[in-house]
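**Q** here you go, sequence then predicted model.
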Amino acid sequence: MKILKFILLLTASTSLISTAYAQMDILGLDDNNAAETTSNAVNSDKSDFFNGYMDDVETEQNAKNKARDLLSQKPKILMLRESQQKLLDQGKKEREKLEERINKKKAEEERFREKVEYIHSNFEPAPFGLFWDISPQETRDLDFEMTPSERADYQEVYLVKNKSQQETFEHIMAIYGTQQHLWCIYAQSKPIDDKPNAEEILKVYKKYYAALDKKYGNAQEFFKPYKYTEEIVEKTDDPKNPKITKITKENPLGGPTFVEELRDDKTSLYAVFDNGKIGVTLSVFADKNGKTYISLDFKNLNLMKHEKDANLNELINDL
């Protein structure tokens, strides 16, 4: 009986188990699959948890590393920006300095133009870019270089030079009166290695003679020839008493020894011109080395009169 009950119980249990397995099969599960699924589920939960945790840890670590890198790079960025700022500041200062120089140059040019316009409007033009009656400072305002010089019987004398000066002349002398007004200009040409008859300088002289005569008129030429005495001896009946005749001769202008005569002051050649306002003297001369020159002497006749009157007044006051 007991055995029968056991068999029935076993059969019922087996049936229940089969039914359970059948249900599990219907659900797609069996014992092995259930165990595996349970294991996978547990492992999956663990994997997801740990993977997520590790991801968070890694993300956090990466963030820390990036922050650390940024902190370490910040001074470099700042230094780079400071360097760029310095370059910008330096460039700005250089531009400001350049603008200042440009503005200063423009202001100087404007002042120069104003001074030149004033001189052109108020003074009479003179040779070589100068103006009659201007002062030494006004001459400088015309962009002339001025070097103090000397000339007999003149008080204030300067050698003047500017870019427009004619290359024909070695130097130009500006002569100012007792009240510092330009009234006389003297110019001397560059030296010429001439022929004994002064052929080259005479060509220059004739060219300027024609030009000055056309501009000022009333040309008068003065030539002082070299004169010498020559004796002519003639025989007579008395051999001891020959007839001696003295003849005065003079060498012509441009003769074979004309340069030597100029050098030794045995001859002279000059011309004067006068238009009532300006008087000009054109001269030819030679130095001790035999080089020849021309010179031009311009005088403002009205200013020269004022200068003579001023000098006369000074002499009277000194008495």
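**A** Good, I have the coordinates.
**Q** make it CA atoms for all contacts and neighbour counts henceforth
**A** Fine.
**Q** chain center to stretch 111-121: distance?
**A** 22 Å (Cα atoms, centre = their mean, to the nearest Å).
**Q** check which residues of it are buried.
**A** Val116, Ile119 (16 or more other Cα atoms under 10 Å).
**Q** counting neighbours, what do you get for the nearest residue to Lys243 once chain neighbours are set aside?
**A** Nearest residue to Lys243, sequence neighbours excluded (Cα to Cα, 6 or more residues apart in numbering): Glu234, at 4.8 Å. Neighbour count of Glu234, defined by other Cα atoms under 10 Å: 11.
**Q** heads up, I number from 310, so please use that
**A** Let's use 310 as the start, then, which means that last one is Glu543.
**Q** which residues does Glu543 contact?
**A** Pro551, Lys552, Ile553, Thr554 (Cα atoms under 8 Å, 6 or more residues apart in numbering).
**Q** state the distance from it to Ile553.
**A** 6 Å (Cα to Cα, to the nearest Å).
**Q** how about the residue nearest the centre of the chain, phi and psi?
**A** For the chain, Lys414 is the residue whose C-alpha lies nearest the centre (Cα atoms, centre = their mean; 10.8 Å). Here is the backbone geometry of Lys414 (degrees, to the nearest 10): phi -60, psi -40.
**Q** just the helices from the stretch 410-559 of the chain, written as ranges.
**A** Ranges of helices within the stretch 410-559 of the chain are 445-450, 508-524, based on DSSP state H, counting those that start in this stretch.
**Q** contacting residues for Ala528?
**A** Taking Cα under 8 Å, 6+ apart as the test, what Ala528 contacts is Asp522, Ala580, Val581, Phe582, Asp583.
**Q** and the lowest mean pLDDT element among the helices and strands of this protein?
**A** helix 311-335 (a mean of 47; mean pLDDT, DSSP states H and E).
**Q** can you tell me which of the contacts of Glu543 lies nearest to Gly563?
**A** Thr554 (27.5 Å; Cα to Cα).
**Q** where does the stretch 310-459 of the chain have low pLDDT?
**A** When residues are selected by pLDDT under 70, those of the stretch 310-459 of the chain lie in 310-367, 369, 376-389.
**Q** may I have stretch 558-565 as PDB, with CA atoms only?
**A** Below are the C-alpha coordinates for stretch 558-565, written out as PDB (Å, rounded to 0.1, in the frame of the first residue of the first chain):
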ATOM      1  CA  LYS A 558     102.800 149.000 -78.100                       C
ATOM      2  CA  GLU A 559      99.900 147.100 -76.600                       C
ATOM      3  CA  ASN A 560      98.800 143.500 -76.800                       C
ATOM      4  CA  PRO A 561      95.400 142.800 -78.200                       C
ATOM      5  CA  LEU A 562      92.400 141.300 -76.400                       C
ATOM      6  CA  GLY A 563      92.900 137.500 -76.500                       C
ATOM      7  CA  GLY A 564      96.500 137.800 -77.600                       C
ATOM      8  CA  PRO A 565      99.000 134.900 -77.300                       C
END
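**Q** tell me the mean pLDDT for that stretch?
**A** Per-residue pLDDT over stretch 558-565 has a mean of 95.
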